[in-house]
Structure formats: structure tokens, C-alpha cells
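K.L.:
Here is my input, please return the structure:
(chains A and B)
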Number of protein chains: 2
Amino acid sequence: MMRNYKMLLAYDGGRYNGWQKQGNTDNTIQEKLEGIVSALAGCPIEVYGSGRTDAGTHAYGQVANFHMNWEGTAEKLMDCINEKLPEDMAVLSLESVSPRFHSRLSAKGKIYEYTIWNSKKPPVFERKYVFWCEKPLHLEKMKEASQAFLGEHDFKSFCANKRMKKSTVRKIYEIQFLCTEDKITISYHGNGFLYQMVRILTGTLIEVGEGKRQPEEISAILAALDREKAGFTAPAKGLVLREVFYGEGREENDSDY
Amino acid sequence: MMRNYKMLLAYDGGRYNGWQKQGNTDNTIQEKLEGIVSALAGCPIEVYGSGRTDAGTHAYGQVANFHMNWEGTAEKLMDCINEKLPEDMAVLSLESVSPRFHSRLSAKGKIYEYTIWNSKKPPVFERKYVFWCEKPLHLEKMKEASQAFLGEHDFKSFCANKRMKKSTVRKIYEIQFLCTEDKITISYHGNGFLYQMVRILTGTLIEVGEGKRQPEEISAILAALDREKAGFTAPAKGLVLREVFYGEGREENDSDY
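P.N.:
Have a look, this model is predicted:
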């Protein structure tokens, strides 16, 4: 019987060219998954992600779905996929859901986390999952600046796609800072994110933390609707897609990340 | 002026052939450090570790010392070494100490930690630092068995060097279990450890957790003084040298790990 399977995915994006398949490579997360699921089904199957993740970006809670004719249990299907996946990718859970569920179109929100290693000590064990800023960052100023991102805004200044024709309006519900001795993790909860938006938001906050910008400048950067006015694009390896939220209704951001 | 420098080291042992230099390779921790320090000094300098770590074993708190003529501050020396080290190694602190300090001979105790990933979910992000046991382990039995290791014993059954001529008596002060949803970390605090001793202790405890052995068997395994009677050698990648302790007096275990 044809069912719609929803899966929760974790991957270390370090050696992949992002989520989105690119036709003739085998080096994207989507292609790895489609190859395995299609082989199990004996026919080509498309795997839909909740959004693209950039080359080098990680996921603890990416969500994807696919339609498949499978006689066994969902658990068995998960085990079969995990058996074939490389050790830097894993299906954490898999279930059969309503035929109308679509991991991207049904998504209501996402949490991305960006981790900065802010210490003179090198990040030996976490080096592949953090961006290392040796100079101490001014945390209170970063927190103050982040407040200006909350709510609904046109985030065109924070979108790396300059030819973006669709709406660049997004809503950020919450930005949290989780700090340990050596690390600052910034979590962004929003209804959707533009191409490289979290990395540009973070790069801009880092520049505030370094004293290169003031928290008061953020409103003007947003108002400028100009990518050149915002900060640098923080490297992909510090970014993790933590969680995707689903609920009632329908979102239509088909250009989401 | 010639000074004795003590340094605290972290390294990801994954791609190294252990601590101990092997003459003609450049693939050990000791050789990497000696190469850098000798280049800074302009003459060959020996770097003494608190003990060898196996190929693939990691360290958060290895201690090493070396004697060097250096005009600058200890901080500057640390920065110069870190600048040359690959990103999977780092000096966390460096200070000038008494000329009599020797990282191995002065050591009074060590803490090693072994981490078992005990979950059906694959350890995507921690895969290089844990040993994955998919089957649920019986934690209470493992804790019970570990009690038999406490105190002073002849650990010959837990020593991988069959031609060991020196004393195989060691003292374990404490064994702690730190558990999270997916992980079991066993920390061993002792006055010294034999070749692969922590890995064999852990392998034996895992076999108890799997139900292949009973906690009551440990005393007989110790008494046998026979490596064949103990459990398997748990893989190196789950092992970390966490801390080395120094204090009054002098230890003489020159075969320590």
C-alpha cells in the first residue's frame, strides 16, 4: 500500500554539497536519501525536505517525506535506510503520516542554531561544528542588537540571493543565546528563513560583538533592503537546523531554507 | 634562560598513531610537538608526556613538559606552538615550573573516560568519540561489577602487554558512571593504568551489561592474572585521557599509560 512517510534526519553536513540534488552528483543529502529509498522501492522516489540546507551546514532535526509502497513496518523501513546510510547521516525516526503532509509546504516554523567558539583555546573536538572567534565578543550588545530582528520584517538585506523575486518578508519569533565557558549558541526561531539568512544575521551580530557595529544600526540595515549593508556571512559549519515545526494551515514559502 | 615548561594538551587522536614517537614517522602526538618545539628552539628538544595514549585515543587533559631556552613569556610560547599545530591538537595552557617536575614521574593519578553510545539512533555527530552499542546495556549490573575493580589489585588480567615484566599492581580510587539519554560515560580514577587497561576494563563491563558475564565473575577474573579471562578490548576511539594529577612525592610507574 502506498504510504506517505515522514522522517526525522540528522546529518553532519561537512562533506556534502548541501541538501538539494544537483542532477549528476552523488554528493548531496537529498541524492543519498533518494538513492537508498529508490533502491528499496525498486523505482525512482522523490524525497522532499523541509527546506534546503547549505553546503557544509548540519542538521539534528531536518524533516523529509516520501511516498512509497512498503509492506513492512515503519521501524523496519527506518532500519533498512539506516543500514545503507553513511555514518555521518541517520534517520532518527520514521512514521507513516497523512497523504497530504508535505515536509516543506506544511512547515510552520523552524529553529536554526549557530554556534560561535569564543575562546583563545582552539576548539579541538568541536572544530567542525563551530565558527572560531578568538577575540572576546560583547554578548550584551549582541543580545541588544538581536532584539531588532524580532517580529515580521522584510529581510532582503539578509538574503544572499540578489535576484530573489518572491517575498523576502519573514517573521522571527524568538532569538535565544545559550552560553557556556567557551561557546555562544544563538538559536533563531522563525516562520521561515531566506537563502543564507541565519548566517548573515549571525555575521552581523558577530560584528556588533566585535564593536565594529552598534546595536542601534540594525534598524537601518533592515530598512535599507540591501545585502551590502549587512555583515559578513558566517561560515556554514557553525550552523545546524535544529527543529522543524508543523501545525494547522499551510505555509507557502517555496524558497525557504 | 633554560626553563622547564609544563603544558596541558588536548588532541583528537583519530588520525594519529598514539602519543609515543616511533623514530621515523611524523604521525604521533609526541613527534608533532617535538618538531614544533625543536624548530622554535633551534635545537632538538624532547617532550615528555604523562603517559602514552594508544593510537586513536583522545586527550582533553594530557600533560607534557620540556626544557627550553626561551626569552619571551609562557603565553607567547603557547601561542607560537598553537599557531603551528594542526587543528586537531591544541595547547590549552603552558607555564614555567620547577626544574624537577616531570610529567610522568611526578604524576600521582589520572582520570580516563570511556564513552559508550547506547542507543538505536546512530551517533552522527559523536561517531568519532564513542563506541556504539546498539543493544540496551544493563547499567546496574555494570555498576555492580565495577565495584570489584576498586582498590589495589594486580591487574595482569587487564593488561594487553603479555611480556610485561614490571609490576602490574595498580590502584583504582573511583569509577563513576555519567549517563545521558544516549550515552554512558565511565570515568576511571586511578594511580596509573597498564597498556590498554581502561579499554579491557570497559570491554569487560560492556559484556556484563550485555548479560554475557555476571558481576560476581570479576573477582575470579582479577585472581586469574590471565588476559584471556577478561573481556574484549573496547575500541580506542571511545577513550579520552581527561586529567592528570600531581602532588607530593614520586611515582615510579614508568610503564604507565
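K.L.:
so who does A:Asn65 touch?
P.N.:
With contacts taken as C-beta atoms under 8 Å, 6 or more residues apart in numbering or on different chains, A:Asn65 has the following neighbours: A:Asn4, A:Tyr5, A:Lys6, A:Met7, A:Val47, A:Tyr48, A:Val97, A:Phe101, A:His102, A:Ser103. Bear in mind the C-beta positions are built from the backbone N, C-alpha and C, glycine included.
K.L.:
got a pLDDT number for it?
P.N.:
pLDDT for A:Asn65: 98.
K.L.:
is it true that A:Gly49 touches A:Gly61?
P.N.:
No. The pair A:Gly49 and A:Gly61 does not pass the contact test of C-beta atoms under 8 Å, sitting 11.8 Å apart.
K.L.:
So for the two, which sits in the more crowded spot?
P.N.:
Higher neighbour count among A:Gly49 and A:Gly61: A:Gly49, with 23 against 17, using other C-beta atoms under 10 Å in any protein chain shown.
K.L.:
On the three-state scheme, the spatially closest residue to that one that is not a sequence neighbour is what?
P.N.:
Using C-beta to C-beta, 6 or more residues apart in numbering or on different chains and skipping residues adjacent in sequence, the residue nearest A:Gly49 is A:Ala64, 4.7 Å away. Under DSSP: H, G, I helix; E, B strand; the rest coil, the three-state class of A:Ala64 is strand.
K.L.:
A:Ala64 and chain B: what is the separation?
P.N.:
15 Å (C-beta to the nearest C-beta, to the nearest Å).
K.L.:
A:Met68 too?
P.N.:
Distance, A:Met68 to chain B, by C-beta to the nearest C-beta: 21 Å.
K.L.:
what does A:Phe125 give?
P.N.:
Distance of A:Phe125 to chain B, given as C-beta to the nearest C-beta: 6 Å.
K.L.:
you'd agree that residue is up against B:Ala10?
P.N.:
Yes. Counting by C-beta under 8 Å, A:Phe125 sits close enough to B:Ala10 to count as a contact (7.3 Å).
K.L.:
Residues in contact with both of those two, list them for me.
P.N.:
Overlap between the neighbourhoods of A:Phe125 and B:Ala10 consists of B:Tyr60, taking contacts as C-beta under 8 Å, 6+ apart.
K.L.:
on that earlier part again, out of the contacts of A:Asn65, which one sits closest to chain B?
P.N.:
A:Met7 (12.4 Å; C-beta to the nearest C-beta).
K.L.:
That closest one touches A:Gly61, doesn't it?
P.N.:
No. Judged on C-beta under 8 Å, A:Met7 makes no contact with A:Gly61 at a distance of 10.8 Å.
K.L.:
overlap in contacts of these two?
P.N.:
The contact sets of A:Met7 and A:Gly61 overlap at A:Leu92 (C-beta under 8 Å, 6+ apart).
K.L.:
Can you tell me which residue of the stretch 151-257 of chain A sits closest to chain B?
P.N.:
Counting by C-beta to the nearest C-beta, the stretch 151-257 of chain A gets nearest to chain B through A:Val240 (9.0 Å).
K.L.:
so what's that residue up against?
P.N.:
A:Thr57, A:His58, A:Ala59, A:Tyr60, A:Tyr112, A:Glu113, A:Tyr114, A:Thr115, A:Tyr129.
K.L.:
Among these, which one sits closest to A:Cys179?
P.N.:
A:Cys179 has its nearest neighbour among those in A:Thr115, at 10.5 Å by C-beta to C-beta.
K.L.:
what sits opposite the closest one in the beta ladder?
P.N.:
Partner residues in beta bridges with A:Thr115, using DSSP bridges, are A:Thr185.
K.L.:
Find the nearest non-adjacent residue to A:Gly35, please.
P.N.:
A:Asp26 (7.0 Å).
K.L.:
do you know how far that neighbour is from chain B?
P.N.:
In this structure, A:Asp26 and chain B are 19 Å apart, going by C-beta to the nearest C-beta.
K.L.:
Show me which residues of chain A sit near chain B.
P.N.:
A:10-12, A:58, A:60, A:82, A:85, A:87-90, A:92, A:121-122, A:124-125, A:127, A:129 (C-beta under 8 Å from any C-beta of the partner chain).
K.L.:
If we use 7 Å, what do you get?
P.N.:
Counting by C-beta under 7 Å from any C-beta of the partner chain, chain A comes close to chain B at A:10-12, A:82, A:87-90, A:92, A:121-122, A:124-125, A:127, A:129.
K.L.:
ranking those residues by neighbours, who comes first?
P.N.:
The most neighbours of any of the residues of chain A next to chain B, using other C-beta under 10 Å, belong to A:Tyr11, which has 26 neighbours.
K.L.:
check contacts around the closest residue in space to that one that isn't next to it in sequence.
P.N.:
The spatial neighbour of A:Tyr11 that comes closest, neighbours along the chain excluded (C-beta to C-beta, 6+ apart), is A:Met89 at 4.4 Å. The contact partners of A:Met89, taken as C-beta atoms under 7 Å, 6 or more residues apart in numbering or on different chains, are A:Tyr11, A:Ile29, A:Lys32, B:Val124.
K.L.:
let's see 10 Å
P.N.:
Remark: with contacts taken as C-beta atoms under 10 Å, 6 or more residues apart in numbering or on different chains, A:Met89 is in contact with A:9-13, A:16, A:29, A:32-33, A:36, A:59, A:62, A:81-82, B:122, B:124.
K.L.:
Could you pull up phi and psi at the spatially closest residue to A:Phe158 that is not a sequence neighbour?
P.N.:
Among residues not flanking A:Phe158 along the chain, A:Ile200 sits closest, at 4.4 Å (C-beta to C-beta, 6+ apart). Summarising the backbone geometry of A:Ile200 under the convention degrees, to the nearest 10, its torsions are phi -80, psi -40.
K.L.:
for A:Glu75, same thing?
P.N.:
phi -60, psi -40.
K.L.:
Just confirm it contacts A:Tyr5, I think it does.
P.N.:
No. Between A:Glu75 and A:Tyr5 there is no contact under C-beta atoms under 10 Å: 11.5 Å.
K.L.:
okay, now the domains of chain A?
P.N.:
Domain assignment for chain A by automatic domain parsing gives A:2-97, A:108-246.
K.L.:
chain center to the shortest one, what's the gap?
P.N.:
Meaning domain A:2-97. Here the centre of mass of C-alpha atoms in domain A:2-97, compared against the chain's by C-alpha atoms, centre = their mean, to the nearest Å, lies 16 Å away.
K.L.:
Determine how far the last residue of it lies from the first.
P.N.:
The distance separating the two terminal residues of domain A:2-97, taken as C-alpha to C-alpha, to the nearest Å, comes to 11 Å.
K.L.:
contacting residues around A:Gln214?
P.N.:
Listed by C-beta under 10 Å, 6+ apart, the contact set of A:Gln214 reads A:Lys141, A:Glu144, A:Ala145, A:Glu207, A:Val208.
K.L.:
helix or strand for A:Arg3, which one?
P.N.:
With the criterion set as DSSP states H and E, the secondary-structure element containing A:Arg3 is strand A:2-11.
K.L.:
Against which helices or strands is the helix or strand that that strand is followed by packed?
P.N.:
Proceeding N to C from strand A:2-11, the next assigned helix or strand is helix A:29-41, under DSSP H and E. The helices and strands touching helix A:29-41, judged by 3 or more C-beta pairs under 10 Å, 6 or more residues apart in numbering or on different chains; DSSP states H and E, are strand A:2-11, strand A:48-49, strand A:58-69, helix A:74-84, strand A:89-97.
K.L.:
Tell me which of those sits nearest to A:Gly231.
P.N.:
With respect to A:Gly231, and counting by C-beta to C-beta, the nearest of these is strand A:58-69 at 21.6 Å.
K.L.:
ranges for the helices of the stretch 51-200 of chain A?
P.N.:
Ranges of helices in the stretch 51-200 of chain A, per DSSP state H, counting those that start in this stretch, are A:74-84, A:139-147, A:197-209.
K.L.:
Take these and lay them out in TSV including distance to A:Tyr246 and mean pLDDT.
P.N.:
What follows is the helices of the stretch 51-200 of chain A, written out as TSV (distance: least, C-beta to C-beta, whole Å; pLDDT from 0 to 100):
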stretch	distance to A:Tyr246	mean pLDDT
helix A:74-84	17	97
helix A:139-147	26	98
helix A:197-209	20	98
